[in-house]
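Student: with the sequence up front, the predicted model follows.
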Amino acid sequence: QVQLVESGGGLVQAGDSLRLSCAASGRSFSSYAMGWFRQAPGKEREFVAAISRNYGITRYANSVKGRFTISRDNAKNTVYLQMNSLKPEDTAVYYCAVGPIETVLPSTYNYWGQGTQVTVSS
């Protein structure tokens, strides 16, 4: 069993930056791939970024590539999402998730956090 708690969301203006954190409890954090997803009102949950167990592989949605950076600190059981140059269309609830491999598919992740709201005003 893995429990995930996201933090760092908030209300910012377009062009600002935020860093989301996701703290994991439970054993073997370093054995899991981690992903970030987001869901805007009335829309389906969409992939944002993912990172492999051993830091070597990262994946990004085209919409955030070059602006967002995913990273992890296995010693702290934490994954981060650095979000720069935020746009109003980035407004959503952001979720972190744990899974066996760093895919773009929500169905491949086993555990999810409760989400943190990010709102970007124009």
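Tutor: Alright, I've got the coordinates.

Student: may I have the phi/psi pair for residue 110?
Tutor: Phi and psi for residue 110, reported as degrees, to the nearest 10, are phi -100, psi -30.

Student: report the central residue of the chain.
Tutor: Central residue check for the chain by C-alpha atoms, centre = their mean: the C-alpha nearest the mean position is that of residue 36, 2.5 Å away.

Student: so the nearest residue to it once chain neighbours are set aside is in which element?
Tutor: In this structure, residue 36 finds its nearest non-sequential neighbour in residue 48, 4.3 Å apart by C-beta to C-beta, 6 or more residues apart in numbering. Every C-beta, even on glycine, is put in place using the N, C-alpha and C of the backbone. If you go by DSSP states H and E, residue 48 is part of strand 46-51.

Student: now that strand: average pLDDT?
Tutor: Across strand 46-51, pLDDT averages out at 98.

Student: that strand packs against which elements?
Tutor: For strand 46-51, the packing partners by 3 or more C-beta pairs under 8 Å, 6 or more residues apart in numbering; DSSP states H and E come out as strand 33-39, strand 58-60, strand 68-73, strand 78-83.
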